[in-house]
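1. what follows is a protein structure lacking sequence information:
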């Protein structure tokens, strides 16, 4: 059964993302995928879809959608965003059903940088290298390889004509992200910095620059000094790699990162904290804390225990995360493909 989501308005940077374009980094093709993997997966879980299914990733510019054709059930995960259903405010983490002619409005609220809207069923677009993920710099995937804009129509292939009819809040405690401490693993080129510079990196209160996007989050604060120059033989970079270019101001590589980089990497954000970092807004402050590989793995194990014991409770959803999801997509910190 066909249904349509009509884009009434969309701020810059709102795209279609699935779990990413894996297996092509060796050929110079960026993975893309969601900025906040866990929130994206939770939105899909809310409507009974696979964790990595395609969904809308909404930026701080917000979006207004209207449904045409058949009714559509949507899972929305945007903790801190302002969400309304046909003009009526609803929770920022919610499952709801839009009837033809009804609208969904998502605007930035008190916190958070990315909101996810997952339809029940599938987004009916052709895949590129096995993925629907949008990478705007290469004009690949999604809808014509670009961000969504007013007038766009997103076709959906619905599972059935039925579905949940009530608006139901989603309880997802695993998405809580208290504090501003981001844990990191040292290296792999931390030897390009003296001990006092590494200590200063950890002690500094950094500010997320407004000059940040899906490719990289830039930091303002202390100007770090290299002890062995700032050029290396280009090597692979992972989600969360922290490069320090010649100007001394760190750059954290994000979902749309380039496959390789030629600046020393002082550290890498651990997988358990990637979503927390992604949801920070420009001008927010953050600090780094070095941890061991063992601590990074344990952080994931703790998340796994919470996720498997505490399912979504408000809606009629009784599904849980698995270790397979927790370990995929470089969640510990690594480079694959």
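-> Now that the structure is in, tell me what you want to look at. Because the structure is predicted, anything quoted here is derived from the model rather than measured.
2. same question for the closest residue in space to residue 41 that isn't next to it in sequence, what's its three-state structure.
-> The shortest distance from residue 41 to any non-neighbouring residue, by C-beta to C-beta, 6 or more residues apart in numbering, is to residue 51 (4.0 Å). To be clear about C-beta, it is placed using only N, CA and C from the backbone, and glycine gets the same treatment. Following DSSP: H, G, I helix; E, B strand; the rest coil, residue 51 is assigned to coil.
3. am I right that residue 197 is in a helix?
-> Yes. Checked against three-state DSSP, residue 197 lies within a helix.
4. what bridges to residue 55?
-> Counting by DSSP bridges, residue 55 forms beta bridges with residue 17.
5. from memory it sits against residue 40, does it?
-> Yes. Between residue 55 and residue 40 there is a contact under C-beta atoms under 8 Å: 6.0 Å.
6. if we can go back for a sec, quickly note the distance from the residue nearest to residue 41 to residue 16.
-> Per C-beta to C-beta, to the nearest Å, residue 51 is found 16 Å from residue 16.
7. what's the answer for residue 269, then?
-> Using C-beta to C-beta, residue 269 is found at 25 Å from residue 16.
8. more crowded one of these two?
-> Neighbours were counted for residue 269 and for residue 16 using other C-beta atoms under 10 Å; residue 269 has more, 26 against 21.
9. residue 98 versus the spatially closest residue to that one that is not a sequence neighbour, what's the distance?
-> Spatially, and ignoring its direct neighbours in sequence, residue 269 is nearest to residue 240 (3.3 Å; C-beta to C-beta, 6+ apart). Computed with C-beta to C-beta, the distance linking residue 240 and residue 98 is 35 Å.
10. show me which of the two is the more surrounded one.
-> Between residue 240 and residue 98, counted using other C-beta under 10 Å, residue 240 has the larger neighbour count: 27 against 20.
11. check whether the more buried one really touches residue 270, as I assumed.
-> Yes. Under the criterion of C-beta under 8 Å, residue 240 makes contact with residue 270 at 7.4 Å.
12. now the terminal residues of stretch 81-101, how far apart.
-> By C-alpha to C-alpha, to the nearest Å, the extent of stretch 81-101 from end to end equals 23 Å.
13. and for stretch 40-59?
-> 13 Å.
14. for it, buried residues please.
-> 40-49, 51-59 (16 or more other C-beta atoms under 10 Å).
15. excluding chain neighbours, give the residue nearest to residue 286 in space.
-> That would be residue 180: by C-beta to C-beta, 6+ apart, it lies 4.7 Å from residue 286.
16. count of neighbours near that neighbour?
-> By other C-beta under 10 Å, neighbour count at residue 180 equals 14.
17. if I look at it, how far off is residue 279?
-> From residue 180 over to residue 279 the distance is 11 Å, taken as C-beta to C-beta.
18. over to residue 51?
-> Taken as C-beta to C-beta, the span from residue 51 to residue 279 is 18 Å.
19. quick one: the helices in the stretch 101-250 of the chain?
-> Along the stretch 101-250 of the chain, counting by DSSP state H, counting those that start in this stretch, helices occupy 195-203.
20. where are the low-confidence patches of it?
-> The stretch 101-250 of the chain contains residues with pLDDT under 70 at 159-165.
21. quick one: strands adjacent to the strand ranked longest in the chain?
-> Criterion DSSP state E: the longest strand present in the chain is strand 2-10. Using DSSP bridges, the strands paired with strand 2-10 are strand 63-69 (antiparallel), strand 153-157 (antiparallel).
22. buried ones in the shortest one, by neighbour count?
-> Which is strand 153-157. Buried positions in strand 153-157, judged by neighbour count with 16+ other C-beta under 10 Å: 154, 156.
23. just to revisit the earlier point, shared neighbours of residue 55 and residue 40, which are they?
-> Contact criterion C-beta atoms under 8 Å, 6 or more residues apart in numbering; residues shared by residue 55 and residue 40: 17, 34, 116, 118.
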